[in-house]
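K.L.:
Kindly return the folded structure for what I paste below:
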Amino acid sequence: MIRPLLTATLCLAASGAFAGKAFVSNERGNTITVLDTETWEVLEEFPGGNRPRGITLSPDGTLLYVCASDDDTVRVFDTASYEELYTLPSGPDPELFVIHPSGNPLYTANEDDNLVTVTDTESHSILAEVPVGVEPEGMAISPDTKWVVNTSETTNMAHFISTEDYEIKHNVLVDQRPRYAEYTADGTRLYVSAEIGGTVSVIDIAEDGTPTLRQKIGFEVPGVLPEWLQPVGIRTTQDGSRIFVALGPANRVAVIDGESLEVIDYIMVGQRVWQMAFTPDEKFLVTTNGNSNDVTVIDVEKEEAIKSVQVGQQPWGVAITPN
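P.N.:
Here you go, the predicted model:
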């Protein structure tokens, strides 16, 4: 076990102090790095399976779910002790997933088999396998929990799956290599990033869940080659006023006005920015930077990077404990 800062962790526990934690999956290092979200110091690093990528938490923050892609399984850890508790069946090459707000079930994209696997987190059994497009990756669940969205990288579509019968009801064509999907908190809009297409598709959602492509947002940064502008992770504020988009090898996070849908700023971060997560109060946004082996902490109100923290090898995903 890799436990370089166990003493510091025990001191925090002994003092009775409670701080939020950010968990970062290190794809090449096969580890999970734990950060204190008050001090931004590394608390711990522990094995996360082979090629950990997608990472999320149970709604109460007590369980950490990790897509161990090369192990073809989802590993589940205790967020206090960092011990692995059990694994969940996921199908081959799990990449990204989303958990139901109740904590059950878990919806996982299986890149190699072109499936979305629905797993019961209590019985540890597979409830359904939903055929989708080629190379599924991005996953999102609507706020009303009626829909799960999967993006297929090669088919270039967002698939809208009913959580009632696990059938695809709608497909929306987006640009090349869609990597991530994010609903607004009110469920009226969905954003889908297209890594190779270089755009974010804005999809309006009707009351019955029917999606309609509204427009596509492009990016332009002086001095940065267009082919380096590769949108991946997306995060929106609760009030919908800001959309943050990780631009991969451009080493920047785009800031989009939620009303005008215009890009208003670019924030310089680490190299090959991939995924992001807010702290519960939305005061900070944390980005994973795969080629510089660090995370960047962004002050959301100021819309500027304030800190860089070294983590493991090739950080991929990040999840932050709730309040």
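K.L.:
quick one: low-confidence ranges for the stretch 201-323 of the chain?
P.N.:
In the prediction, the stretch 201-323 of the chain carries no residues with pLDDT under 70.
K.L.:
make that the stretch 1-150 of the chain, sorry
P.N.:
In the stretch 1-150 of the chain (pLDDT under 70), the answer is 1-18.
K.L.:
tell me which residues of stretch 124-134 are tucked away?
P.N.:
Under the neighbour-count criterion of 16 or more other CB atoms under 10 Å, stretch 124-134 has 126, 128, 129, 130, 132, 133 buried. Heads up, the C-betas are built off the backbone N, CA and C, glycines and all.
K.L.:
so which strand or helix has the last one?
P.N.:
In this assignment (DSSP states H and E), residue 133 forms part of neither any helix nor any strand.
K.L.:
sorry, back to before: please convert the buried residues of stretch 124-134 to CSV, extending it with distance to residue 146.
P.N.:
CSV is the format used below for those (distance: CB to CB, whole Å):
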residue, distance to residue 146
126, 21
128, 16
129, 20
130, 15
132, 18
133, 21
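K.L.:
which one among those gets closest to residue 254?
P.N.:
residue 133 (25.8 Å; CB to CB).
K.L.:
just checking, that closest one touches residue 155?
P.N.:
Yes - if you go by CB atoms under 8 Å, residue 133 and residue 155 touch, sitting 2.9 Å apart.
K.L.:
neighbours around the closest residue to residue 278 other than its chain neighbours, how many?
P.N.:
Distance criterion CB to CB, 6 or more residues apart in numbering; nearest residue to residue 278, sequence neighbours excluded, is residue 285 at 5.5 Å. Residue 285 has 27 neighbouring residues, counting by other CB atoms under 10 Å.
K.L.:
What of the one 10 residues further on?
P.N.:
The local packing count at residue 295 equals 27, with neighbours defined by other CB under 10 Å.
K.L.:
now swap in residue 210 and tell me
P.N.:
Residue 210, neighbours per other CB under 10 Å, totals 11.
K.L.:
ok, and the closest non-adjacent residue to it?
P.N.:
Using CB to CB, 6+ apart, the closest residue to residue 210 is residue 170 (6.5 Å).
K.L.:
re the thing from before, does the residue nearest to residue 278 lie in a helix or a strand, and which?
P.N.:
strand 284-289.
K.L.:
ok, that strand: who's next to it in the sheet?
P.N.:
Using DSSP bridges, strand 284-289 pairs in its sheet with strand 273-278 (antiparallel), strand 294-299 (antiparallel).
K.L.:
Show me the contact partners of that strand.
P.N.:
Applying CB atoms under 8 Å, 6 or more residues apart in numbering, the external contacts of strand 284-289 come out as 22, 24-25, 35, 37, 233, 235, 244, 246, 251, 253, 269-279, 295-300, 311, 315-318, 320.
K.L.:
ok, and the residue lying closest to residue 252 once chain neighbours are set aside, which helix or strand is that part of?
P.N.:
For residue 252, ignoring the flanking residues on the chain, the nearest one in space by CB to CB, 6+ apart is residue 266 at 4.5 Å. Element membership of residue 266, judged by DSSP H and E, is strand 263-268.
K.L.:
So which elements touch that strand?
P.N.:
strand 252-257, strand 304-310 (3 or more CB pairs under 8 Å, 6 or more residues apart in numbering; DSSP states H and E).
K.L.:
Which elements pack onto the first one?
P.N.:
Applying 3+ CB pairs under 8 Å, 6+ apart, one finds that strand 252-257 makes contact with strand 242-246, strand 263-268, strand 273-278.
K.L.:
Would you mind giving the ones you listed as a markdown table with mean neighbour count and distance to residue 201 added?
P.N.:
Shown next, in a markdown table, are the helices and strands packed on strand 252-257 (neighbours: other CB atoms under 10 Å; distance: least, CB to CB, whole Å):
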| stretch | mean neighbour count | distance to residue 201 |
| --- | --- | --- |
| strand 242-246 | 25 | 12 |
| strand 263-268 | 16 | 15 |
| strand 273-278 | 25 | 18 |
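K.L.:
Okay, buried residues for stretch 229-239 please.
P.N.:
By neighbour count on 16+ other CB under 10 Å, the buried set for stretch 229-239 is 229, 230, 231, 232, 233, 234, 235, 236, 237.
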